[in-house]
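> Give me coordinates for this.
(one chain, ligands or ions: 2)
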Amino acid sequence: MTEALAIRLADYQPYTHLVDQVSLTFRLAPTATRVKARLDLRPNPARGGGGHDLRLDGEGLRLLALAVDGRALAARSDATGLTISAADLPDGPFVLETEVEIAPEGNTALEGLYMSNGMYCTQCEAEGFRKITFYPDRPDVMARFRVRVEGDLPVLLSNGNPVAQGPGWAEWDDPWPKPAYLFALVAGNLRAHSAPFRTKSGRDVALNIWVRPGDEGRCAYAMDSLIRSMLWDEQVYGREYDLDVFNIVAVDDFNMGAMENKGLNIFNSKFVLASPETATDDDFARIEAIIAHEYFHNWTGNRITCRDWFQLCLKEGLTVYRDQQFSGDMRSHAVKRIEDVLMLRARQFREDQGPLAHAVRPESYVEINNFYTATIYEKGAEVIGMLRRLVGDDAYARALDLYFDRHDGEAATIEDWLAVFEETTGRDLAQFKRWYTEAGTPRLRMTDDFKDGSYTLHFEQENPATPGQPVKGAKVLPIAVGLLGPNGDEVVPTTVLEMTEPRQSFRFDGLPARPLASVLRGFSAPVVLIRDLRPEDRAFLLAHDTDPFNKWEAGRALAKDLLARMVVTGAQPGPDWLDALERVTLDDSLDPAFRALCLRLPSDDDMAQTLHASGHVPDPAAIYAARRRMGAALAQRLAAGLPGLIASLAEPGPFTPDARAAGRRALRLAALALLSRVDGGAAARAAFAGADNMTEEVGALSCLLDIGEGQAELARFEARWRADRNVMDKWFALQIAYAAPERAADVTRALTAHPDFDWKNPNRFRSVIGALAGNHAGFHHGEGASYALVADWLLRLDPLNPQTAARMSTAFETWPRYDADRQGMVRAVLERILATEGLSRDMREMAGRMLG
Ligand code: 0A1
Ligand code: ZN
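Numbering: from 1, shown residues only. Ligands and ions are numbered 1, 2, ... in the order given. Below is the predicted model of the structure:
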């Protein structure tokens with residue numbers, strides 16, 4: 001049945017008509033908003049001119065009037081739209097007018113026009129505009145929009161530049177043709193935090209961040225991030241902003257992180273609002289990254305958009321790549337790369353190795369909202385990173401200039417994107433394109449030999465089968481390699497080997513002694529590298545590698561090898577890992593942020609993924625127990641040095657959110673977590689009591705929860721922050737994240753009965769139900785109580801907000817890894833979901849794909 005509903009890339013056809021201009025008038029009212037639309041249409045020459053019926057998308061619209069060239073037509077709308085027969089249309093250009101009524105107040109799906117705390121706002125990507133008015137709701141239909149908003153509210157916003165306004169109305173005009181998914185409207189009682197900006201060619205832009213009264217004092221960091229993003233895009237990509245105003249609005253009810261609507265970005269409030277008291281260092285870093293991401297979409301997504309939704313990675317992969325570059329430039333490239341790879345492995349590798357695996361450019365979908373995934377975003381960005389590694393920085397810059405030049409104002413494809421690289425470099429990218437069309441994480445096996453001064457690396461790549469793609473070809477792999485001599489000196493600096501065959505060897509001559517290879521430097525390709533290395537060799541790399549990513553990776557591999565042995569054979573932490581980690585932790589010449597990352601133990605889910613990939617059936621309880629033992633051993637080993645380390649990292653003076661200070665706090669809190677394992681929480685309790693910023697407050701509280709303490713502190717935290725939605729999300733999530741496996745379901749159930757568990761708010765739902773799914777041992781514990789609890793809540797949310805419910809069903813995507821009992825329990829849960837009457841298309845597709 002899902003098959004029958006699938007949309008296919010191969011079926012793409014241009015739209016029958018072109019839309020030159022759209023004029024919209026909104027008369028806002030919570031239960032009966034009127035939307036008048038006037039579309040200037042003409043037959044599309046690309047479809048052979050006239051003679052076609054006009055099909056417009058529309059869902060949940062009450063059609064009040066319909067006219068062509070001023071002539072009223074009888075209304076013939078159906079469940080998904082409206083068709084006007086070619087017989088009723090003139091041969092040339094014509095004007096279509098419609099009027100509809102919609103009810104934003106009852107819109108719990110948060111798609112189309114909806115309300116959040118008395119404020120009107122919209123979310124149109126991917127297909128929400130059809131819930132606002134009848135329209136060809138597809139990204140290749142680009143038009144100029146003029147919008148009049150009428151409503152009894154002080155602030156009335158839409159895309160583009162303000163044209164005129166009076167009491168109760170405002171008019172906006174967007175000179176840049178855009179697809180409907182970039183439309184936005186906001187109306188409410190809002191306050192602005194404003195700043196001026198002058199572009200490099202001298203255009204003055206008014207920047208505004210709109211928030212609820214009382215939140216104005218928490219916008220400074222977002223504004224600063226925006227200004228830095230604008231400057232960076234001018235300097236690095238030569239891209240200037242192109243309107244007189246740039247508005248950002250913060251809303252509390254939002255399905256995703258944020259949305260790049262032209263000139264009017266709408267943000268989940270948790271990615272805008274920040275003050276030292278309410279936001280952690282991680283929050284600050286995410287705000288900076290997301291503000292940049294949405295701003296960068298102005299060129300990669302808006303000026304150049306996607307021809308169809310199969311090309312989603314065209315804008316998302318590139319924009320993630322750009323925001324990662326930006327964050328690296330603002331902070332530390334080494335730390336940023338490690339964090340990005342941690343995320344990639346946790347989310348994208350997980351997806352790629354399970355039943356939801358799909359290509360960066362999929363060939364079919366049932367519900368496009370289910371494809372805003374780590375594969376499209378993060379793997380999409382990795383593919384661009386590889387392309388750049390292969391062609392070099394200069395060619396990358398030239399290809400991007402050509403891309404912007406050639407496709408500005410167009411709706412483009414991955415073929416267009418690859419063509420600019422082929423033309424600038426003369427390379428044939430046909431094989432490289434497999435990265436876009438084939439799903440799955442390649443497994444790269446490496447061996448080496450040394451003889452007569454020649455060192456050879458042998459690689460073999462395996463591209464595992466994924467759903468619907470049993471056989472695949474070899475990928476182009478850029479493998480960045482450096483060689484270290486026996487004394488730790490680098491004897492061959494980083495070179496990028498280009499692997500194109502299933503098996504390939506690369507030789508280095510003239511070496512006086514057998515080197516140790518540092519392979520896949522900077523994580524130069526998104527693969528699983530399989531390499532037998534002795535613990536002492538990994539420790540050697542951790543001590544000597546000049547590539548910061550691989551230096552960290554060596555420590556990580558040491559920890560993972562050990563943890564795997566602890567799980568499988570019950571081994572105890574040996575000196576290799578403890579010695580190596582102690583040396584790194586106490587090495588003051590290393591960046592504290594880097595040391596903090598080295599102290600982070602592999603997550604349970606990461607271990608389950610790794611064990612499964614190496615042929616074991618992961619036991620969540622055993623992984624949990626082993627990781628606890630590992631942490632305890634590390635704490636014992638470092639105990640004596642921890643108080644001194646913590647003291648040395650104290651930051652005098654007021655809180656600053658910069659990377660240097662954040663890195664010091666991260667290491668201090670990592671040390672505090674270890675110390676808590678040996679001092680019963682005394683230091684953490686004091687740190688909590690004395691905290692003057694949220695990083696310390698949450699950090700110290702986490703240390704206590706981690707050792708089964710902190711109840712009094714939880715109560716104090718709640719009393720202090722009860723009125724703050726964003727902070728209270730942390731309070732909910734922490735208790736579940738740190739709950740012992742056997743208590744996780746009960747703790748969650750109790751919190752769902754808390755009066756502030758507003759489950760219709762996506763952030764709150766995620767911080768409770770999502771936290772349980774993220775507590776690996778708790779989620780998989782015992783007789784499946786957590787599976788049932790998560791499923792119950794997904795089913796409750798699904799009729800109201802299918803998008804968020806379906807996204808969160810990925811909690812179950814890893815089921816094939818586990819033992820037969822757990823597999824059976826998850827299958828039963830997924831079958832129960834599928835059998836539910838009235839299930840959304842979103843959830844039906846997800847559950848169906850997970851069951852295979
Ligand atoms: N384009 C946005 C993400 C986004 C996607 C879908 C949404 O609603 C279904 C909302 C936002 C981005 O990449 O930031
Ligand atoms: Zn994006």
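> show me what contacts whichever residue of the stretch 401-550 of the chain sits closest to ligand 1?
Residue nearest to ligand 1 within the stretch 401-550 of the chain (Cβ to the nearest ligand atom): residue 411, separated by 15.2 Å. C-beta here means a position set from N, CA and C on the backbone, and glycine is covered the same way. Residue 411 makes contacts with 139-140, 142, 179, 304-308, as judged by Cβ atoms under 8 Å, 6 or more residues apart in numbering.
> Please apply the same query to residue 89.
Taking Cβ under 8 Å, 6+ apart, one finds 50, 54, 68 in contact with residue 89.
> Let's see which of those residues end up in strands.
54, 68 (DSSP state E).
> quick one on the thing from earlier: the contacts of residue 411: which two are farthest apart?
304 and 308 (14.1 Å; Cβ to Cβ).
> More neighbours: the two, which one.
Shown here are residue 304 and residue 308; by other Cβ atoms under 10 Å, residue 304 has more neighbours (21 against 17).
> Leaving out chain neighbours, which residue sits closest to residue 782?
residue 742 (7.0 Å; Cβ to Cβ, 6 or more residues apart in numbering).
> no wait, residue 450
Using Cβ to Cβ, 6+ apart, the closest residue to residue 450 is residue 514 (4.0 Å).
> How about the contacts made by that neighbour?
Neighbour list for residue 514: 450, 455, 486 [criterion: Cβ under 8 Å, 6+ apart].
> hang on, the earlier thing: between the contacts of residue 89, which is closest to residue 134?
residue 54 (9.8 Å).
> So the closest one sits against residue 16, correct?
Yes: Residue 54 lies in contact with residue 16 (Cβ atoms under 8 Å); the separation is 6.8 Å.
> and the residue in the stretch 351-500 of the chain that ligand 2 sits nearest to, which of the three is it?
When you check the stretch 351-500 of the chain against ligand 2 by Cβ to the ion, the closest residue turns out to be residue 377, at 7.1 Å. The three-state label given to residue 377 by DSSP: H, G, I helix; E, B strand; the rest coil is helix.
> ok, it touching residue 317?
Yes: between residue 377 and residue 317 a contact is recorded at 6.8 Å, counting by Cβ under 8 Å.
> neighbours around the residue in the stretch 1-150 of the chain positioned nearest to ligand 1, how many?
The nearest approach of the stretch 1-150 of the chain to ligand 1 comes at residue 125, 4.4 Å away (Cβ to the nearest ligand atom). With neighbours defined by other Cβ under 10 Å, the count for residue 125 comes to 24.
> Check it and give its pLDDT.
pLDDT, residue 125: 99.
> next one: residue 626
As predicted, residue 626 sits at a pLDDT of 98.
> Got the phi and psi for it?
phi -70, psi -40 (degrees, to the nearest 10).
> Who are the contact partners of it?
Counting by Cβ under 8 Å, 6+ apart, residue 626 touches 563, 566-567.
> Number of residues surrounding the residue of the stretch 701-850 of the chain found nearest ligand 1?
For the stretch 701-850 of the chain, the residue closest to ligand 1 is residue 803, as judged by Cβ to the nearest ligand atom, at 5.8 Å. When neighbours are counted by other Cβ under 10 Å, residue 803 registers 25.
> send the alpha carbons of the helix or strand it falls within over as PDB?
In this assignment (DSSP states H and E), residue 803 forms part of helix 802-808. Extracted C-alpha coordinates of helix 802-808, given in PDB (Å, rounded to 0.1, in the frame of the first residue of the first chain):
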ATOM      1  CA  PRO A 802       2.200  13.400  12.700                       C
ATOM      2  CA  GLN A 803       5.500  15.000  11.800                       C
ATOM      3  CA  THR A 804       7.000  15.000  15.200                       C
ATOM      4  CA  ALA A 805       5.500  11.600  16.100                       C
ATOM      5  CA  ALA A 806       6.900  10.000  12.900                       C
ATOM      6  CA  ARG A 807      10.400  11.500  13.400                       C
ATOM      7  CA  MET A 808      10.600  10.200  16.900                       C
END
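> Does anything pack onto that helix? Which helices or strands?
Judged by 3 or more Cβ pairs under 8 Å, 6 or more residues apart in numbering; DSSP states H and E, helix 802-808 is in contact with helix 762-765, helix 785-797, helix 841-851.
> pLDDT averaged over that helix, what's the number?
98.
> one step back: the residue of the stretch 1-150 of the chain closest to ligand 1 and residue 755, how far apart?
Using Cβ to Cβ, to the nearest Å, residue 125 is found at 34 Å from residue 755.
> again, but for residue 250
Taken as Cβ to Cβ, the span from residue 250 to residue 755 is 24 Å.
> which of these two has more neighbours?
Neighbours were counted for residue 250 and for residue 755 using other Cβ under 10 Å; residue 250 has more, 29 against 6.
> which residues sit in contact with that one?
Counted by Cβ under 8 Å, 6+ apart, residue 250 has contacts 209-212, 215, 267-269, 272-273.
> Dump those into TSV; add neighbour count as well.
Below are the contacts of residue 250 laid out as TSV (neighbours: other Cβ atoms under 10 Å):
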residue	neighbour count
209	28
210	26
211	25
212	19
215	19
267	25
268	21
269	22
272	30
273	28
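> Tell me which entries of these lie within helices.
Members of those lying in helices (criterion: DSSP state H): none.
> In JSON lines: the helices and strands packed on helix 802-808, plus mean neighbour count, distance to ligand 1 and mean pLDDT.
Output for the helices and strands packed on helix 802-808, formatted as JSON lines (neighbours: other Cβ atoms under 10 Å; distance: least, Cβ to the nearest ligand atom, whole Å; pLDDT from 0 to 100):
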{"stretch": "helix 762-765", "mean neighbour count": "23", "distance to ligand 1": "11", "mean pLDDT": "98"}
{"stretch": "helix 785-797", "mean neighbour count": "20", "distance to ligand 1": "15", "mean pLDDT": "99"}
{"stretch": "helix 841-851", "mean neighbour count": "21", "distance to ligand 1": "10", "mean pLDDT": "98"}
